[in-house]
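> For reference, the sequence and a predicted model appear below.
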Amino acid sequence: MTEIADLERRIYAALDRIGAGLDGLGAAAQAPGDDAELQSLREALEAEKTANAQLEERVRSLHQQQGTQVAELEEQTTALKASAQEAKTQTQQLRLTNQHLQASLEQLRDAAAAGVDPHMINQAMMSELDGLRSVRDADRAELDELLGALKPLLKETQDA
């Protein structure tokens, strides 16, 4: 943004010099005088016009680049939000499943205290462990996805 402000300042300065040159041309045309000075002023005016056109083109280019970058960042942000929401939904489902498994295990423990087969208790504990592994894997996948989405943004920040 400071580069754009600097270019705009330079454009306004060039326009002021052009105006001063035009005032000088008007005065030179009215007074009998030196053709060499008039030619010099015309050349200076043309040089300023060229510089002004170049600066305006550069400002347009910078505005266009900035607009493109903003659009890309908005798309990345939208995609990241969508994937984060999906991961959040999956995590909630896994946590709910885990709660159900824990409740089942509690019931089996109570039944074991009442004399139920220990093999059934082992199966329930294995189911609970599988549920916990699923939650852990989902959390890991969510973190990997977030890190993958953030790496390009961090690289852009470091490069800037």
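Sure, I can see it.
> what about the helices in the protein?
Taking DSSP state H as the criterion, the chain contains helices spanning 2-30, 35-113, 118-159.
> The shortest one: how far from the chain's middle?
In this case it means helix 2-30. 38 Å (C-alpha atoms, centre = their mean, to the nearest Å).
> quick check: mean pLDDT across it?
If you average the pLDDT over helix 2-30, you get 76.
> Worst mean pLDDT among the helices of the chain?
Out of the helices of the chain, the stretch the model trusts least by mean pLDDT is helix 2-30, with a mean of 76.
> follow-up on the earlier one: including mean neighbour count, could the helices of the chain go into CSV?
Placement of C-beta: from N, CA and C, glycine included. As requested, the helices of the chain are arranged in CSV below (neighbours: other C-beta atoms under 10 Å):
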stretch, mean neighbour count
helix 2-30, 13
helix 35-113, 13
helix 118-159, 12
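> Centroid-nearest residue for the protein?
The C-alpha lying nearest the average C-alpha coordinate of the chain belongs to L73 (C-alpha atoms, centre = their mean; 3.2 Å).
> I'd like to check which residues are in contact with that one.
With contacts defined as C-beta atoms under 8 Å, 6 or more residues apart in numbering, L73 is in contact with L153.
> now it: how far from G67?
L73 sits 11 Å away from G67 when distances are taken as C-beta to C-beta, to the nearest Å.
> go on, L108?
When C-beta to C-beta is applied, the distance between L108 and G67 equals 62 Å.
> next one: A103
As judged by C-beta to C-beta, A103 and G67 stand 54 Å apart.
> Same check on R95?
Look at R95 and G67: by C-beta to C-beta, they are 42 Å apart.
> Kindly report the same for R58.
Per C-beta to C-beta, R58 is found 15 Å from G67.
> same question, E8
17 Å.
> How about D139?
Summarising the geometry, the distance separating D139 from G67, computed by C-beta to C-beta, is 38 Å.
> do E145 as well
Here the criterion is C-beta to C-beta. By it, E145 lies 28 Å from G67.
> before we move on, what about G21?
Counting by C-beta to C-beta, the gap between G21 and G67 amounts to 34 Å.
> Repeat that for T89.
Taking C-beta to C-beta as the criterion, T89 is separated from G67 by 34 Å.
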